[in-house]
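Asks: Turn this into a model:
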Amino acid sequence: MPDLRSLPPIGLSLYRIVIGFLMACHGASSLTGWPAKPVGGHTVTPTTWPGGVAAVLQLVFGVLVLLGLGTRISAVILSGTMAYAYFDVHQKHALLPISNGGEPAALFSWSFLVIAIVGAGPLALDALLPALRSGRADEAAGPALVPATSNATAAGLE
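Replies: Here you go, the predicted model:
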């Protein structure tokens, strides 16, 4: 069981996973109608500008953020995509997000910016791959997640 000091990094990883999952679902819905019908009621083709291209970016980079692979650059791309959606699609209808339907775009934009700044957290492929390449998979979990030896064993008292 991890100690309490490891919970904030794990919470960061869970936040990244949920936000990436929601974005990937949004992109998949816009392209295929699965796992739910898109908000507009109809799907878009991947070549349609800007909705189809945005849906492809949402799906691909949402999955990458979910997995924690190339997290920072994926999050920057998604943050920019959502900022573009807010200013190009929503703000022309009204100034405030509550009035123009742009709250999801604004929240996603800021959420991905936070992920780009703070990183993926310990439960990410970005954190696991360097240790796997060097053959030290136990280091990938980080010091807080690796079981510590008892003080007696560490001091050689057993």
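
Asks: Now do the same for F112: its pLDDT.
Replies: Looking at F112, its pLDDT is 98.

Asks: State the helix or strand in which the closest residue in space to A54 that isn't next to it in sequence lies.
Replies: Spatial nearest neighbour of A54, excluding adjacent residues (CB to CB, 6 or more residues apart in numbering): T81 at 5.7 Å. Every C-beta, even on glycine, is put in place using the N, C-alpha and C of the backbone. Assigned by DSSP states H and E, T81 belongs to helix 71-85.

Asks: in that helix, what's buried?
Replies: Residues of helix 71-85 classed as buried under the neighbour-count rule (16 or more other CB atoms under 10 Å) are T71, R72, S74, A75, V76, I77, L78, S79, T81, M82, A83, A85.

Asks: thinking again about what came up before, quick check, the residue nearest to A54 in contact with Q58.
Replies: Yes. Between T81 and Q58 a contact is recorded at 7.0 Å, counting by CB atoms under 8 Å.

Asks: How about the contacts made by A120?
Replies: L12, S13, R16, G68, T71, R72, D126, A127 (CB atoms under 8 Å, 6 or more residues apart in numbering).

Asks: Could you find the two of the residues you listed that are most distant from each other?
Replies: S13 and R72 (14.0 Å; CB to CB).

Asks: For this protein, name the helix or strand with the lowest mean pLDDT.
Replies: helix 151-154 (a mean of 42; mean pLDDT, DSSP states H and E).

Asks: mind listing the strands for this structure?
Replies: For the chain, no strands are identified by DSSP state E.

Asks: where along it do the helices fall?
Replies: Per DSSP state H, the chain has helices spanning 7-32, 51-67, 71-85, 97-100, 103-118, 125-133, 137-140, 151-154. These are given in chain order.
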